[in-house]
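In: The following block contains a protein sequence and its predicted model.
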Amino acid sequence: MPILIFFLLHWYLSLFSQTFFLHRYAAHGMFTMTRGWERAFYVLTWLTQGSSFLSPKAYGILHRLHHAYTEDDPHSPQFSRNLFAMMWKTKRIYNDVLHDRVPIEAKFKRFVPNWPRWSASAIPGCRASAGVPPTRCFTSPSPRAPGSTCCCQFTTRWGRCTERSSTGFRTNTAT
């Protein structure tokens, strides 16, 4: 039962992070935050969304573009062969916006939250400076793979560390 409560709480916190911080704050600018609160929500969003973490900067810009250009929205199914082609195109556009590879009008970048230092360490996933979101430490109770090298050290109170083995899969190991 405690694990079910944990996952339900985690899921609702993830929805809250998406709705409150990414959508209402980053994309629509419905309210303001101090720098401290903005950074706290960066971290909360990263913790609750784990490997699905989206940069608030890129999300905010893409969502604003989505509202401004609905007639030729790149993540509309009518402009792609199928659902997977649409998702792949959206991923490419997201990465281009995230890494400043495409010119974006200033009006879409205005007041978008941006914490480059955090994004540089958090977005690559396992290379995050603080380790990995604690939820990843619960997801795969497999034993340590022979020859694995831990690329991130986040130890839970149960003594588990998420690692990336030589095969590229994440494993949990007792420390």
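Out: Nice, thanks for sending it over. Residues are numbered from 1 along each chain as shown.

In: can you give me the strands in the chain?
Out: Using DSSP state E, the strands found in the chain span residues 160-164, 170-174.

In: Could you report the distance from the residue nearest to Ala68 when sequence neighbours are not counted to Val102?
Out: Spatial nearest neighbour of Ala68, excluding adjacent residues (Cβ to Cβ, 6 or more residues apart in numbering): Phe108 at 7.3 Å. In this view, the C-beta of every residue, glycine as well, is placed from N, C-alpha and C. Distance, Phe108 to Val102, using Cβ to Cβ, to the nearest Å: 11 Å.

In: between these two, who's got more neighbours?
Out: Phe108 (16 against 10; other Cβ atoms under 10 Å).

In: How confident is the prediction for Pro146, by pLDDT?
Out: The pLDDT attached to Pro146 in the predicted structure is 38.

In: same deal with the one 4 residues further on?
Out: At Cys150 the predicted local distance difference test score is 34.

In: and if you look at Thr167?
Out: Thr167 is given a pLDDT of 34.

In: just Lys89 next, same as before
Out: If you check Lys89, the pLDDT there is 89.

In: isn't it right up against Asp73?
Out: No: under the criterion of Cβ atoms under 8 Å, Lys89 makes no contact with Asp73, lying 10.8 Å away.

In: Could you count how many residues lie near Trp115?
Out: Trp115: 16 surrounding residues under other Cβ under 10 Å.

In: quick one, what contacts it?
Out: Contact analysis of Trp115 by Cβ atoms under 8 Å, 6 or more residues apart in numbering lists 38-39, 42, 56.
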